[in-house]
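1. Here is a sequence with its predicted model. Questions after.
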Amino acid sequence: MGRLFGTDGARGIANSELTCELAMQIGRAAAMVLIDEKIKRPKVMIGMDTRISSSMLCSAITAGLCSVGADVMQLGVLPTPAVAYLVKKYNYDAAVMITASHNPCEYNGIKIFQKDGFKLPDELEERIEGIILDGTSVPPVKIGADVGRIRTSEMPIFDYVRHLEKTIDCTFEEYKVALDCANGASCITASELFTDLGADIHIKSSIPNGVNINRKCGSTHLDGLRHLVLENKCDVGFAFDGDADRMLAIDENGDVVDGDKVVAICAYDMKQRGLLDKNTAVVTVMSNMGFFKFCEKNGINCEKTKVGDRYVLENMRKNGYKIGGEQSGHVIFYDYATTGDGQLTAIQLLAVMKRTGKKLSELAKMMTTYPQVLINVSVSPFGKLRCEKDKAIAEAVAKVEKYLGDDGRVLVRVSGTEPLVRVMLEGKDIDQITEYANEIAEVIKERLI
């Protein structure tokens, strides 16, 4: 974990932890790291979500970039995956997205993309941190005609929506679709996308006011979407998060279809059509055991990564895999996107429904979700470092694994950001795995506090 950057950019409480001064410094440092010195007028685009602090931080980053001679295109409100797509399409040198994803409005963050549409690797983030925190390099000061210019464009929304529409070969006139836009970035694009594709849409949480982003809505609060689906007898509902890079679905019966099931449904469909390269799907170690059982049953290889969609994508890029994702709804279709894309995922899932003629509830049955228990154990900073080497903890885990056999799974994981050890168990009997999880948690408390 970096000093400024976490697993998904720099993030914190806006104007307190993530200040305008820091945003300006990140803009300057990013320009130095990402842009070839031979380019006299580098070009950087900036998008943002709907939270109240996004415009403020956009102005600060823009000032930082212009001060070192970069020209800036301000895209306005757009989903994160739109920015990742457009930086390559428009042949820009870098892109910035201002968002705190699924977090409340008081938070904000900065995600940076290279010109190929991929997020920064660790080494480039470390170089940016070095410039800001250690003064390893001094940003150039431009004056006169060398100062960067600022412009805007009305085309980004049109170009992004057309890109999504081209990823499928069908329309959805026979479907009634509910949408929860989380009062976030998908408010700008979702209605146009699904209407263009012929769906009869019912939409909620699509009037952002700067402070209602993710507030009791979106992919982290599904009750409202469930009610909308059932009340209007919709075929399916899609909930996005604040920057629309993730999606969770609700089937026609009001049941949740999470990221694991979406990857399972789409990977199986791709395999049936001969499109699942190397016959492999990529997920994280936190994916449900039911997904791994699904892969075994259907002859699909499964690659497991650390938690975080960036690690899923790294594995996909390295090995040439076509689909991967997280339980939380980050799903990556590598043929069409360089990051998770909630709206892309939604129309791909709807296309599977149309191809097969099956309801979402029927498709979701191909994967059985195992009951899961997660306990967060507070530990000391020193205890956190000792967790993986502690013999008593290892013995407690081994004992439970022996009890569960092939019908369950134990995962003990140190948090990357907090003084916590996470104990996750899966199995067929919720009471049994709850008891076992508490037993392991007690050992961790005794050993690591």
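-> On my side now, so go ahead.
2. Need the outlier residue of the protein, farthest from its centre.
-> Farthest-out residue of the chain from its mean C-alpha position, per CA atoms, centre = their mean: residue 144, at 40.5 Å.
3. And the pLDDT at that one?
-> Residue 144 is assigned a predicted lDDT (pLDDT) of 96.
4. Report the contact partners of residue 316.
-> Residues near residue 316 by CB atoms under 8 Å, 6 or more residues apart in numbering: 282, 322-324, 332, 334. No exception for glycine: its C-beta is placed from N, CA and C like everyone else's.
5. In TSV: those residues, plus neighbour count and distance to residue 207.
-> Below are the contacts of residue 316 laid out as TSV (neighbours: other CB atoms under 10 Å; distance: CB to CB, whole Å):
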residue	neighbour count	distance to residue 207
282	27	36
322	20	36
323	27	33
324	28	33
332	28	30
334	16	34
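6. of all those residues, which comes closest to residue 187?
-> The shortest approach to residue 187 among the contacts of residue 316 belongs to residue 332, at 22.8 Å (CB to CB).
7. Now the closest one: which helix or strand?
-> strand 331-333 (DSSP states H and E).
8. Strands of the stretch 301-449 of the chain, start to end?
-> All strands of the stretch 301-449 of the chain, identified by DSSP state E, counting those that start in this stretch, fall at 301-305, 323-325, 331-333, 372-378, 408-414, 420-427.
9. which one of the ones you listed lies closest to residue 45?
-> Going by CB to CB, the one of these nearest residue 45 is strand 331-333, 21.2 Å.
10. which residues sit against that closest one?
-> For strand 331-333, contacts defined as CB under 8 Å, 6+ apart pick out 167, 246-247, 259, 262-263, 266, 309, 312-313, 316, 322-325, 339-341, 344-345, 348.
11. Repeat that for stretch 266-277.
-> Residues from elsewhere that reach stretch 266-277 (CB under 8 Å, 6+ apart): 279, 281, 298-300, 320-323, 331, 333, 345, 348-349, 352, 355-356, 366.
12. can you do 10 Å?
-> By CB atoms under 10 Å, 6 or more residues apart in numbering, the residues outside stretch 266-277 that reach it are 279-283, 291, 294-295, 298-302, 316, 319-325, 331, 333-335, 345, 348-349, 351-353, 355-356, 363, 366-367.
13. In helices, which of the residues you listed appear?
-> Of the contacts of stretch 266-277, the ones assigned to helices by DSSP state H are 291, 294-295, 298, 316, 319, 345, 348-349, 351-353, 355-356, 363.
14. got any ranges where the stretch 1-150 of the chain has weak pLDDT?
-> Applying pLDDT under 70 to the stretch 1-150 of the chain flags the ranges 1-2, 7, 36-37.
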